[in-house]
Each structure stands twice: as C-alpha cells, then as structure tokens.
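Asker: Next comes the sequence, and after it the predicted model I'd like to discuss.
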Amino acid sequence: MSNDYSDIIHLPHHVSADRPHMSMLDRAAQFSPFAALTGYDAAVKETARLTDRRMELNEEEQEKISERLTLLKTHLGDSPVVEITWFVQDERKTGGEYNTVTGVVKKLDEFHRILVMTDGRRIPVEEIVELGGEIFRPVDDSFA
C-alpha cells in the first residue's frame with residue numbers, strides 16, 4: 001500500500017449534483033472562533049468601563065454659579081458665548097462623566113431648572129460645576 005496518494009491524485013474533483021458550491025467565505029466561517037457565552041465580551045467591557053464620581057460643590061462654589069446664572073439671565077438677549085461643565089449620571093453604573101460645551105444659552109427655564117442651548121442641548125442647573133465665559137470676566141476701566 002502506497003502513502004503518496006498516487007492512485008487517486010489524478011482523479012477529477014467531486015462536484016455534488018444535489019448541493020450548490022460553497023463560497024470560500026462560507027468555507028472559512030466553519031473554522032472561525034465560537035463564542036460560547038453570548039454577551040460575555042460586552043459584560044466584561046461594561047465592567048471595565050470607568051466612571052467619574054460626582055463632586056459636591058461647597059457653598060462658595062454654589063454661590064458663584066448662582067451669581068453667574070443670574071448675570072447670564074440678564075444678558076440672554078446679547079447671546080453671550082459661555083462654557084459650561086456639568087455632570088451626567090451614567091445610566092448603568094454608579095457615577096457618570098463630566099461634559100463641557102461652549103455655546104450660546106437660548107433660555108434659562110427657572111421652573112424646570114434647565115439651561116436650553118441654541119443647539120437644543122438641555123443642561124440641568126443642579127449638575128453644573130463650572131460656568132465661564134467673557135460675560136463673567138471683570139471689566140477693566142483703567143484705560144478708559
């Protein structure tokens with residue numbers, strides 16, 4: 001008995017009359033890794049995802065933001081550009097993240113305590129940790 005397949009090497013390749021030819025992609029898929037635990041990778045990534053803790057502002061910081069909101073309210077018609085940083089609670093985990101946006105405030109909804117930006121973004125006043133912009137800088141009249 002020969003081990004070099006010389007007896008069959010020149011025979012024609014078998015083509016099934018009943019089944020269609022399988023593409024190379026489908027043939028390769030037979031040997032792809034199998035994920036036995038569906039969703040496991042996503043769960044590991046979610047657990048590893050880091051969130052920030054919400055910082056508590058002291059009385060002085062809260063007063064500063066309150067004063068700036070009052071000043072902003074009186075100048076809304078001037079469309080001042082402001083930079084706002086606020087905390088967004090994570091929907092799945094403890095903690096969240098801090099977002100910062102630079103733009104124009106369209107409206108200060110005092111009843112719902114929300115700043116509405118011209119781009120439609122809605123920012124809860126209670127979550128604001130920083131409020132800056134040219135409007136809040138002191139005016140230097142020494143050169144007048």
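Answerer: Cool, got the structure.
Asker: residue ranges of the helices in this structure, please?
Answerer: 24-29, 40-48, 59-74 (DSSP state H).
Asker: Give me whichever of these is most buried.
Answerer: Compared across the helices of the chain, helix 59-74 shows the largest average neighbour count, a mean of 13 (mean count of other C-beta atoms under 10 Å). No exception for glycine: its C-beta is placed from N, CA and C like everyone else's.
Asker: Show me which residues of the longest strand along the chain are buried.
Answerer: Scanning the chain for the strand with the most residues, using DSSP state E, yields strand 96-109. Residues 96, 103, 105, 108 are the ones in strand 96-109 that count as buried (16 or more other C-beta atoms under 10 Å).
Asker: That strand: how far from the chain's middle?
Answerer: Strand 96-109 has its C-alpha centroid displaced from the chain centroid by 15 Å (C-alpha atoms, centre = their mean, to the nearest Å).
Asker: How about stretch 55-64?
Answerer: How far stretch 55-64 lies from its chain's middle: 26 Å, per C-alpha atoms, centre = their mean.
Asker: Now that stretch - C-alpha only, CSV.
Answerer: Extracted C-alpha coordinates of stretch 55-64, given in CSV (Å, rounded to 0.1, in the frame of the first residue of the first chain):
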residue,chain,number,x,y,z
MET,A,55,-18.1,66.1,43.1
GLU,A,56,-20.0,68.0,45.7
LEU,A,57,-19.6,71.8,45.4
ASN,A,58,-19.0,73.8,48.6
GLU,A,59,-21.2,76.8,49.5
GLU,A,60,-18.8,79.3,47.9
GLU,A,61,-18.7,77.4,44.6
GLN,A,62,-22.5,77.1,44.5
GLU,A,63,-22.9,80.8,45.2
LYS,A,64,-20.5,81.6,42.4
